[in-house]
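1. Predicted structure and sequence below. I'll ask about it afterward.
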Amino acid sequence: MWIPPPPPPPPMPPPSQHYQQSQTQQPTYTQHPYYPVYYPPTYIPFPQPAYPLTPEEELEMLKEYKRLLEEDLRELQDELRSVEARIRELEERLRKGRGGFG
């Protein structure tokens, strides 16, 4: 015996005015033109293995994790030095009375 398919669902009602306003008032996250884009650290937090590690395995894992942390530290120190240099440069310009940049 043939059974007809169910009727299509009714059309969706238009969104309420409150919903439309809340959608248009969402904050926008734009990058400030003078600040560098933030990139999260490249290291992966210390993993928790599913099984107990031997002391040798744990030592090897910790050494690798330390190496990754030191690499990130070097990169952050370089970034800090460049920011400090820019601060000194801007402060020097302001001391000399050259407020205009360019």
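-> That came through fine.
2. Who are the packing partners of the helix of greatest length in the chain?
-> When the chain is parsed with DSSP state H, its longest helix is helix 55-95. The helices and strands touching helix 55-95, judged by 3 or more CB pairs under 8 Å, 6 or more residues apart in numbering; DSSP states H and E, number zero. Heads up, the C-betas are built off the backbone N, CA and C, glycines and all.
3. Rounded mean pLDDT for it, please.
-> Per-residue pLDDT values across helix 55-95 average out to 93.
4. Count the neighbours of L68 for me.
-> Residues lying near L68 (other CB atoms under 10 Å) number 15.
5. er, E71 I mean
-> 13.
6. From Y65, how far out is it?
-> 11 Å (CB to CB, to the nearest Å).
7. before we move on, what about P7?
-> Taken as CB to CB, the span from P7 to Y65 is 61 Å.
8. more neighbours, those two?
-> Higher neighbour count among P7 and Y65: Y65, with 15 against 6, using other CB under 10 Å.
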